[in-house]
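S.K.: sequence first, then the predicted structure:
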Amino acid sequence: MPFWINIAVGLLAFVVAALGGKALIPWLHKLKFGQPIKVDFGPKWHAGKQGTPTMGGILFIVGSVVGTAVGYALYRFFGTMDVASIGGDREALRVLSCVLFCILFGVIGFIDDFAKVAKKQNEGLTPIQKIILQVVAAVLWLVAMYFLGDRNTVIDLAFVQFDIKWFYYPLMVLVILYLTNAVNLTDGVDGLCGTVTLVAMLIFTLICSKLQMNTYTLFTMALAGGCLGFLVWNLHPAKCFMGDTGSMFLGAAVAAVGLATHQHLVLVLVALVYILEALSVMIQVTYFKYTKKKYGEGRRIFKMTPIHHHFEMSGFSEYKIVITFSLFGLIIGLCGLLLVIF
């Protein structure tokens with residue numbers, strides 16, 4: 001893959017997302033697509049963000065799709081692609097299935113966002129409705145990847161590998177559900193989810209390049225550029241939120257690219273920020289229920305979850321949280337890259 005094509009893809013996605021905000025955000029204001037804020041789910045001062053336009057994830061969705069498509073065209077025209085050696089058209093179809101999978105999750109998020117806006121409250125689809133739609137999307141993607149030749153059922157933990165046969169697929173459905181909803185939970189502070197995902201996609205670009213998954217690098221670089229363009233509008237104080245439309249798309253992208261590499265321990269490291277965000281919620285809820293049953297009153301380990309709110313309640317500014325979490329994601333993600341290299 002010529003290096004300049006990846007750079008061009010990232011820049012194009014950045015421009016589309018950054019400039020697209022000039023048209024999208026006023027339009028969302030006009031439609032009154034403001035984010036309802038429920039203070040139970042965040043610090044009380046977040047109430048001041050009430051009415052900030054949501055569904056801004058459309059910016060990096062469009063940017064990444066356009067960037068990937070243009071990048072692939074450039075790759076075929078200028079690149080020295082050996083169809084036989086790198087899977088060529090079949091790999092491109094697998095990447096296309098990943099893009100469509102992400103869009104499908106984005107649609108689920110859009111339905112949820114639209115329901116929230118219509119009801120003027122912070123509740124859209126029910127949890128059961130979300131899970132059913134997500135399971136259907138996950139199964140469809142895994143089936144598509146299977147028929148496109150990706151039939152590897154080996155769990156690769158770098159230091160040990162084992163084949164779990166048919167059980168691989170239901171396990172991966174659970175992994176997809178966890179990761180997509182973990183990314184969704186990470187979207188609670190201005191710029192946090194976009195910045196952490198920007199870092200993750202840059203690392204995935206290096207990983208895919210090392211694994212000779214050239215076509216995948218087009219999508220990861222496009223999404224990195226799209227996230228950067230979105231951050232023009234989403235850094236504190238945010239002019240718009242990505243909404244579930246964006247976070248579900250990003251969650252699907254992290255899961256799809258990570259699983260496509262079949263480097264499962266590496267995926268855990270690259271996605272560790274998201275994993276810990278969701279884990280903090282699970283720990284808090286479990287401990288609260290346990291102590292309520294045992295002592296008659298629920299107790300908490302964290303001041304508030306997801307864990308970025310714990311740091312916020314502890315005095316961290318939104319900028320400091322974004323920088324801290326992103327640096328942590330970068331350091332741990334680079335450890336994952338080293339596992340691939342060595």
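M.R.: Good, I have the coordinates. Numbers count the residues shown, from 1 in each chain.

S.K.: which stretches of the protein form strands?
M.R.: For the chain, the strands defined by DSSP state E occupy 154-156, 161-163.

S.K.: would JSON lines of the ones you listed with mean pLDDT be doable?
M.R.: Shown next, in JSON lines, are these (pLDDT from 0 to 100):
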{"stretch": "strand 154-156", "mean pLDDT": "97"}
{"stretch": "strand 161-163", "mean pLDDT": "96"}
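
S.K.: roughly how far apart are Trp141 and Phe302?
M.R.: 33 Å (Cβ to Cβ, to the nearest Å). Using the backbone N, CA and C atoms, a C-beta is placed for each residue, glycine as well.

S.K.: name the residue in those two with the higher neighbour count.
M.R.: Trp141 (24 against 17; other Cβ atoms under 10 Å).

S.K.: that one: what's its closest spatial neighbour, skipping adjacent residues?
M.R.: Distance criterion Cβ to Cβ, 6 or more residues apart in numbering; nearest residue to Trp141, sequence neighbours excluded, is Phe101 at 4.0 Å.

S.K.: I figured that neighbour hits Ala252, correct?
M.R.: Yes: shown here, Phe101 and Ala252 form a contact pair, counting by Cβ atoms under 8 Å, at 5.6 Å.

S.K.: list the residues that contact both of these two?
M.R.: Ala137 (Cβ atoms under 8 Å, 6 or more residues apart in numbering).

S.K.: what about these two, which has more around it?
M.R.: Counting neighbours by other Cβ under 10 Å for Phe101 and for Ala252 shows that Ala252 has the greater number, 29 against 23.

S.K.: that one reaches Ala182, doesn't it?
M.R.: No: with contacts counted by Cβ under 8 Å, Ala252 stays clear of Ala182, the gap being 11.8 Å.

S.K.: got any ranges where the chain has weak pLDDT?
M.R.: Along the chain, segments meeting pLDDT under 70 span 35-42, 45, 79-88, 120-122.

S.K.: which parts of the protein are helices?
M.R.: 3-30, 58-78, 83-86, 88-119, 127-147, 168-186, 192-210, 214-234, 243-261, 264-270, 272-295, 307-313, 318-341 (DSSP state H).

S.K.: what angle sits between the last one and helix 192-210?
M.R.: What separates the directions of helix 318-341 and helix 192-210 is an angle of 20 degrees, with axes from the mean of the first three to the mean of the last three Cα atoms, to 10 degrees.

S.K.: list the buried residues for helix 318-341?
M.R.: By neighbour count on 16 or more other Cβ atoms under 10 Å, the buried set for helix 318-341 is 318, 321-322, 325-326, 329-330, 332-333, 336-337, 339-340.

S.K.: so which of those residues comes closest to Leu148?
M.R.: Val340 (22.5 Å; Cβ to Cβ).

S.K.: isn't the closest one right up against Ser209?
M.R.: No: Val340 lies out of contact with Ser209 (Cβ under 8 Å); the separation is 9.8 Å.

S.K.: show me what contacts the residue nearest to Leu74 when sequence neighbours are not counted?
M.R.: Nearest non-adjacent residue to Leu74, counting by Cβ to Cβ, 6+ apart: Ile5, 5.0 Å away. With contact set as Cβ under 8 Å, 6+ apart, Ile5 has these partners: 71, 74-75, 78-79, 218.

S.K.: okay if I get these as TSV plus distance to His236 and neighbour count?
M.R.: Conversion of the contacts of Ile5 to TSV gives the following (distance: Cβ to Cβ, whole Å; neighbours: other Cβ atoms under 10 Å):
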residue	distance to His236	neighbour count
Gly71	31	25
Leu74	35	18
Tyr75	37	21
Phe78	40	11
Gly79	40	15
Leu218	31	31
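
S.K.: could you identify the most distant pair in these?
M.R.: Phe78 and Leu218 (12.7 Å).

S.K.: show me what contacts Ile108?
M.R.: Here Ile108 is in contact with 125, 130, 133-134, 137, 244, 248 (Cβ under 8 Å, 6+ apart).

S.K.: can we see that at 10 Å?
M.R.: For Ile108, the contact set (Cβ atoms under 10 Å, 6 or more residues apart in numbering) comprises 125, 129-130, 132-134, 136-137, 180, 244-245, 248-249, 252.

S.K.: could you dump those to a markdown table with distance to Phe162?
M.R.: What follows is the contacts of Ile108, written out as a markdown table (distance: Cβ to Cβ, whole Å):
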| residue | distance to Phe162 |
| --- | --- |
| Leu125 | 37 |
| Gln129 | 35 |
| Lys130 | 32 |
| Ile132 | 31 |
| Leu133 | 31 |
| Gln134 | 27 |
| Val136 | 29 |
| Ala137 | 27 |
| Thr180 | 25 |
| Asp244 | 35 |
| Thr245 | 37 |
| Met248 | 31 |
| Phe249 | 32 |
| Ala252 | 26 |
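
S.K.: could you dump the buried residues of helix 318-341 to a markdown table with distance to Ser97?
M.R.: Shown next, in a markdown table, are the buried residues of helix 318-341 (distance: Cβ to Cβ, whole Å):
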| residue | distance to Ser97 |
| --- | --- |
| Glu318 | 36 |
| Ile321 | 34 |
| Val322 | 32 |
| Phe325 | 30 |
| Ser326 | 29 |
| Gly329 | 26 |
| Leu330 | 29 |
| Ile332 | 28 |
| Gly333 | 24 |
| Gly336 | 24 |
| Leu337 | 25 |
| Leu339 | 26 |
| Val340 | 23 |
